[in-house]
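# requesting a structural model of the entry that follows:
(one chain, ligands or ions: 1)
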Amino acid sequence: MLNKKSVEDLDLKGKKVLIRCDFNVPMDDERKITNDARLLGALPTIKYIIEQGGKLILMSHLGRPKGEPNKKYSLEPVAKRLSELLGIEVKFAADDNVVGENAKNAVEAMHEGDIVLLENTRFRKEETKNGEEFAKELASLADVFVNDAFGTAHRAHASNVGVSNILESALGFLVKKEVDIMGKAMANPERPFVAILGGAKVSDKISVIENLLNKADSILIGGGMTYTFLVAKGYSIGTSLLEQDKVEFAKELIEKAKAKNVNLVLPVDTVAAKEFKNDTEIKVVMSDDIPDDMMGLDIGPKTIKMFSEIIKDAKTVIWNGPMGVFEMENFADGTNAVAKALAEADAVTIIGGGDSAAAVENSGLADKMTHISTGGGASLEFFEGKELPAIVAIDDK
Ligand code: AMP
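Residues are numbered from 1 along each chain as shown. Below is the predicted model:
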């Protein structure tokens, strides 16, 4: 299906291998890494290239330093933590301009299996503009390029698309897994294929819903965008979130779903609250009976039951966006129940990163899912049916 070279297609022995990783890890005020899942995710590709006798030059972005050197966003703590995880020294090339004397000298001195980590690629303005000069500088360090960062695959930057255009290039294991699993789900899903969409706004999900209307058997809607759909059905929604300018569009989607025989399922009940806070007056109401002075902040128990039944019969499920304001305990039931239903389903289950991934991890169900994407934005674009520029740029087999 995917006709792109993978790291296993490369001859790596004695080669300098430039690897784009996603080391954009959370850190506390003392710059201690608070969650190293992303570093762990990069290890299979790194270890494989070491075993093959490559010389590894790692690069990544971290946070948003806005194109300027800024110690707060230095990758130095990542080099330390990676050294611990690998049991091999990861030499940090502390160049404010990323490809400076430190990097060049360190690369020059490398032996097979050695590892150098470059400074944050976003210390350079050209990075996010896919500047050719910066891409050339990065490429000049290496013989081949491996892209193992899915979180930025929907962006054309110098450190992914730019270097792919210059060097022989391939996908790392992590990106390959993302693309294989999500690619199969979108192109050739086992059916019934159920998509669950939540989160705050309809406007963020327009292209996803449109694309899924041609692919999914059922689309379950939850979260803040529910209420724009309920208005489209002629219900009053009290003080719930509403995108007035998307009501017509929601009406069209409901019609299109009917015409295409897609089961577009809206919540039948809602957990309504007096105010947007955890401790406030709360009432479960039917979707066509939301009081004027209340707002819907979660799907209700009848909807949970209905959604869970549909998920139970599914063979492929994709999920993006929480069912309610899951950050507040009183409005987290819907999101947690959907996570549980996915965990129990005999289906390929794919979580599209971001908030839904966090919810699944918080509920301790992560290892029950087929795949949790490492890229919220990138997986959403995948579900929209778009081609991801950093994948397209990789050499064909
Ligand atoms: P998104 O970034 O689009 O995935 O949206 C996630 C956000 O949507 C979370 O912070 C939720 O708190 C919020 N959200 C979910 N349901 C609702 C709701 N019913 N009303 C307001 N915000 C919501």
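
# which stretches of the stretch 1-150 of the chain have low pLDDT?
Low-confidence segments of the stretch 1-150 of the chain (pLDDT under 70): 1.

# and what of the stretch 151-300 of the chain?
Counting by pLDDT under 70, the stretch 151-300 of the chain contains no low-confidence segment.

# enumerate the residues of it near the ligand.
Proximity of the stretch 151-300 of the chain to the ligand (Cβ under 6 Å from any ligand atom) is limited to residues 199-201, 204, 223-224, 241, 296-297. Placement of C-beta: from N, CA and C, glycine included.

# mind giving me TSV with those and columns for secondary structure and neighbour count?
Formatted as TSV, these follow (DSSP: H, G, I helix; E, B strand; the rest coil; neighbours: other Cβ atoms under 10 Å):
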residue	secondary structure	neighbour count
G199	coil	19
A200	coil	16
K201	coil	15
D204	coil	15
G223	coil	31
G224	coil	24
L241	coil	19
G296	strand	28
L297	strand	27
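
# for the stretch 101-250 of the chain, which segments count as strands?
Read by DSSP state E, counting those that start in this stretch, the stretch 101-250 of the chain holds these strands, from start to end of the chain: 115-118, 144-147, 168-171, 193-197, 218-221.

# okay, the longest one in PDB with CA atoms only?
Included here for strand 193-197 are C-alpha records, laid out as PDB according to Å, rounded to 0.1, in the frame of the first residue of the first chain:
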ATOM      1  CA  PHE A 193     -16.100   1.400  10.600                       C
ATOM      2  CA  VAL A 194     -17.100   3.800  13.300                       C
ATOM      3  CA  ALA A 195     -15.700   7.300  13.700                       C
ATOM      4  CA  ILE A 196     -16.100   9.200  17.000                       C
ATOM      5  CA  LEU A 197     -15.600  13.000  16.800                       C
END
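
# describe which strands that strand pairs with in its sheet and in which direction.
Strands flanking strand 193-197 in the sheet, each with its direction: strand 218-221 (parallel), strand 316-320 (parallel) (DSSP bridges).

# what is the burial count for K55?
K55: 24 surrounding residues under other Cβ atoms under 10 Å.

# tell me the spacing between the residue lying closest to it once chain neighbours are set aside and L118.
In space, and not counting its chain neighbours, K55 is closest to M110: 4.2 Å by Cβ to Cβ, 6 or more residues apart in numbering. Distance, M110 to L118, using Cβ to Cβ, to the nearest Å: 13 Å.

# between those two, which has more neighbouring residues?
Set side by side, M110 and L118 show more neighbours around L118, with 27 against 16, by other Cβ under 10 Å.

# how about the nearest residue to that one, chain neighbours excluded?
The shortest distance from L118 to any residue other than its chain neighbours is 4.4 Å, reached at M59 (Cβ to Cβ, 6+ apart).

# now swap in V231 and tell me
Nearest in space to V231, with sequence neighbours left out and distances taken as Cβ to Cβ, 6+ apart, is V247 at 5.2 Å.
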